[in-house]
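K.L.:
Fold the following and give me the result.
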Amino acid sequence: MPSLPPQDLGHWLIALALNAALIGLAQRAPLLTRSGWLHAGILGTILWGTLGWRGWLAVVAYLVFGSLVTRLGLRQKQERGLAEARGGRRGPENVWGSALVGAVLAMLATRAPQAWVAPLLVGFAASFSAKLADTCGSEIGKRWGRRTLLITSLRPVPPGTEGAVSLEGSAASLAGALLMGLVMLGLGLIDGPGLWLLVAAVGLLATLAESVIGATLQRRWHWLSNELVNGLQTLLAALLALALVGLRPA
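P.N.:
Prediction:
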């Protein structure tokens, strides 16, 4: 487990300055809208301030991987009306729908007793594993899913339907969860192959649960936006990971 950086004013000023400079340089990359970059800078400052460069780099990796997979087959998805809006550029609602739970866990880690830091980082890792799993499954399934089924009834539905799953999309979800867990492991935010597999498994389970929410509650309650569902998904992944880590033998 990495040691957390000192929580003093100087460290936070450095975090703010670094993120302001990096966002200024990165704004032309077709990943986020202008306001999305501003909110990404706020998120980046929080993560660098709480977890240091490891936490910051983990979420940059999520953003890059998520944006790349969104652009796979983009032209075909646009022709079928299944592509993300704004050419795949993410806005503030996407930034916080994906990362609010992780940001809160990172802030809690700086105030928690030492014994709780490692479990909170597992929850942090699981929240982003779930989100990359969701992005990979959705984008690959919409483009390459051969048979799309509603998760609650298994009846065929058009690609892009809320709560729809496919074999190809589910395989992509598993790959995304494993990849994000591997990033967290490589950066030292989680420790050992056991926690890597736990984080990936929880990420996949939360993604399947998100499909159930989409097929039931989201189709009934129109105020339940994709961003809110994303937040629920990442929260579920974090809570499951915390519960399972607590049940693991010492």
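K.L.:
show me the contacts for Leu4.
P.N.:
50-52, 109-110, 117 (Cβ atoms under 8 Å, 6 or more residues apart in numbering). Glycine gets a C-beta too; all of them are placed from N, C-alpha and C.
K.L.:
Recalculate using a threshold of 7 Å.
P.N.:
By Cβ atoms under 7 Å, 6 or more residues apart in numbering, the contact set of Leu4 is 51-52, 109-110, 117.
K.L.:
What segments of the chain are helices?
P.N.:
Remark: helices assigned in the chain by DSSP state H are 9-26, 34-51, 53-71, 74-79, 92-109, 114-144, 167-186, 193-215, 217-220, 226-247.
K.L.:
export those helices to a markdown table and tack on mean neighbour count, mean pLDDT and distance to Leu154?
P.N.:
Conversion of the helices of the chain to a markdown table gives the following (neighbours: other Cβ atoms under 10 Å; pLDDT from 0 to 100; distance: least, Cβ to Cβ, whole Å):
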| stretch | mean neighbour count | mean pLDDT | distance to Leu154 |
| --- | --- | --- | --- |
| helix 9-26 | 14 | 90 | 43 |
| helix 34-51 | 21 | 92 | 36 |
| helix 53-71 | 20 | 89 | 25 |
| helix 74-79 | 14 | 59 | 24 |
| helix 92-109 | 22 | 92 | 28 |
| helix 114-144 | 25 | 92 | 15 |
| helix 167-186 | 22 | 95 | 12 |
| helix 193-215 | 22 | 94 | 11 |
| helix 217-220 | 14 | 79 | 16 |
| helix 226-247 | 20 | 91 | 21 |
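K.L.:
Nearest approach to Arg155 belongs to which of these?
P.N.:
In terms of Cβ to Cβ, the element of the helices of the chain nearest to Arg155 is helix 193-215, at 10.5 Å.
K.L.:
Now tell me what touches the closest one from outside.
P.N.:
122, 125-126, 129-130, 133-134, 137, 150-152, 162-163, 165, 173-174, 177-178, 180-182, 184-185, 190, 229, 232-233, 236-237, 240-241, 244.
K.L.:
CA atoms only for it - export them in CSV, please.
P.N.:
Output of helix 193-215 as CSV, limited to C-alpha atoms (Å, rounded to 0.1, in the frame of the first residue of the first chain):
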residue,chain,number,x,y,z
PRO,A,193,-3.2,-10.9,-7.5
GLY,A,194,-6.0,-11.8,-5.1
LEU,A,195,-7.2,-8.2,-4.7
TRP,A,196,-6.7,-7.7,-8.5
LEU,A,197,-9.2,-10.5,-9.1
LEU,A,198,-11.5,-9.3,-6.4
VAL,A,199,-11.6,-5.8,-7.9
ALA,A,200,-12.2,-7.2,-11.4
ALA,A,201,-15.0,-9.5,-10.2
VAL,A,202,-16.7,-6.8,-8.3
GLY,A,203,-16.4,-4.5,-11.3
LEU,A,204,-18.1,-7.1,-13.5
LEU,A,205,-20.9,-7.8,-11.0
ALA,A,206,-21.6,-4.1,-10.6
THR,A,207,-21.8,-3.7,-14.4
LEU,A,208,-24.4,-6.5,-14.6
ALA,A,209,-26.3,-4.9,-11.7
GLU,A,210,-26.2,-1.6,-13.7
SER,A,211,-27.8,-3.4,-16.6
VAL,A,212,-30.6,-4.7,-14.3
ILE,A,213,-31.2,-1.1,-13.0
GLY,A,214,-31.3,0.1,-16.6
ALA,A,215,-33.9,-2.6,-17.6
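K.L.:
if we can go back for a sec, Throw the helices of the chain into TSV and include distance to Pro158, thanks.
P.N.:
Output for the helices of the chain, formatted as TSV (distance: least, Cβ to Cβ, whole Å):
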stretch	distance to Pro158
helix 9-26	36
helix 34-51	29
helix 53-71	19
helix 74-79	13
helix 92-109	23
helix 114-144	10
helix 167-186	13
helix 193-215	13
helix 217-220	14
helix 226-247	17
